[in-house]
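Chemist: Need coordinates for the following:
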Amino acid sequence: MTMQGPRHRSVGGRGVVVTGGSSGIGRAIAEAFEANGDRVIVLDRSGVGAEVITVDVSQEESVHAAFSTARERLGTIDVLVNSAGLLTESPMQEMTLQMWNETLLVDLTGVFLCCREVVGEMRQQKWGRIINIASQLAVKGGVGLSHYAAAKAGVVAFTKSLALEVASDNVLVNSIAPGPIETPLVAGISEEWKVAKRLELPLGRFGGVEEVAPTALLLASEPGGNLYVGQTLGPNSGDVMQ
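Modeler: Numbers count the residues shown, from 1 in each chain. Have a look, this model is predicted:
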């Protein structure tokens with residue numbers, strides 16, 4: 001007899017929280033889940049609307065308060081997408097400790113704090129999907145982006161470790177490591193860096209946010225996402241092949 005995994009949450013109608021969902025990749029992912037029929041709450045440092053809750057993901061109390069409000073509105077949180085991020089540029093030798101710490105706080109500690117808010121209820125209900133946005137730079141590094149690459153490498157390792165802890169309760173944790181994507185975040189990087197990066201890419205272009213969002217839907221889907229545990233999927237224009 002073939003054993004099949006549980007189907008606890010139907011596709012559509014789930015409670016979804018997307019951090020950093022007011023712009024860029026996060027916004028595209030939030031819109032994709034909404035189009036799928038899910039109930040979506042966005043957590044961001046800025047943004048307006050009934051479905052946006054203000055949060056600073058680097059601050060423990062702010063994260064706890066935001067998730068408490070999100071839980072009140074959704075009832076349950078079935079899917080968490082950690083997309084909030086900070087991207088600055090500096091040669092390592094000239095980098096300040098403040099720049100280093102700020103990046104790790106937002107891009108790595110923020111993922112930890114948000115995951116910690118939801119894993120308990122997901123394990124209790126025996127269903128959950130956590131999707132952390134990493135970067136292809138976690139694998140290959142980037143000139144002037146050592147702090148960002150280090151944080152995103154931490155996200156990948158954290159994702160694998162958490163996946164091992166909670167998969168037996170049907171809580172699946174995975175990450176997406178996009179290549180350079182046309183977002184407000186990337187717009188702040190120097191044109192010199194962007195020109196050089198385009199020349200490295202087999203596709204010869206940066207991606208669009210609409211080309212990343214479907215990967216998040218896949219990882220949260222049933223049965224399509226049911227066998228992904230601690231994986232890192234890479235819509236990256238061929239910048240990293242594995």
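
Chemist: Not counting the helix or strand hosting Val18 itself, show me its contacts.
Modeler: Taking DSSP states H and E as the criterion, Val18 maps to strand 15-19. The contact list for strand 15-19, computed with C-beta atoms under 8 Å, 6 or more residues apart in numbering, reads 26, 29-30, 33, 38-44, 55, 57, 67, 70, 74-84, 110, 114, 118, 220. To be clear about C-beta, it is placed using only N, CA and C from the backbone, and glycine gets the same treatment.

Chemist: Distance from it to the middle of the chain?
Modeler: Between the centre of strand 15-19 and the centre of its chain there are 10 Å (C-alpha atoms, centre = their mean, to the nearest Å).

Chemist: got it, and stretch 71-79?
Modeler: Worked out by C-alpha atoms, centre = their mean, stretch 71-79 lies 18 Å from the chain centre.

Chemist: again with stretch 65-85
Modeler: In terms of C-alpha atoms, centre = their mean, the centre of stretch 65-85 is found 13 Å from the chain centre.

Chemist: ditto for stretch 206-214
Modeler: Taking the mean of its C-alpha atoms, stretch 206-214 sits 13 Å from the chain's own mean (C-alpha atoms, centre = their mean).

Chemist: got the CA positions of that stretch in PDB?
Modeler: Extracted in PDB, the C-alpha atoms of stretch 206-214 (Å, rounded to 0.1, in the frame of the first residue of the first chain):
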ATOM      1  CA  PHE A 206      17.700  40.500 -14.200                       C
ATOM      2  CA  GLY A 207      14.500  38.800 -13.400                       C
ATOM      3  CA  GLY A 208      11.100  40.300 -12.700                       C
ATOM      4  CA  VAL A 209       9.200  39.900  -9.400                       C
ATOM      5  CA  GLU A 210       6.400  38.100 -11.300                       C
ATOM      6  CA  GLU A 211       9.000  35.400 -12.200                       C
ATOM      7  CA  VAL A 212       9.800  34.700  -8.600                       C
ATOM      8  CA  ALA A 213       6.300  34.600  -7.000                       C
ATOM      9  CA  PRO A 214       5.200  31.300  -8.600                       C
END
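
Chemist: returning to that earlier point: hmm, which of the contacts of strand 15-19 are the buried ones?
Modeler: Using 16 or more other C-beta atoms under 10 Å as the burial test, those include 26, 29-30, 33, 38-44, 55, 57, 67, 70, 74, 76-84, 110, 114, 118, 220 as buried.

Chemist: contacting residues around the lowest-mean-pLDDT helix or strand in the chain?
Modeler: Least confident helix or strand, the chain: helix 184-187 with a mean of 83, by mean pLDDT, DSSP states H and E. Contacts to helix 184-187, defined as C-beta under 8 Å, 6+ apart, come from residues Ser23, Gly24, Gly85, Leu87, Pro180, Lys194, Phe206.

Chemist: just to revisit the earlier point, now the element after the strand holding Val18, going C-ward?
Modeler: Scanning forward in sequence from strand 15-19 by DSSP H and E, the next helix or strand is helix 24-35.

Chemist: Can you verify my assumption that Arg71 contacts Ile77?
Modeler: Yes: judged on C-beta atoms under 8 Å, Arg71 makes contact with Ile77 at a distance of 6.0 Å.
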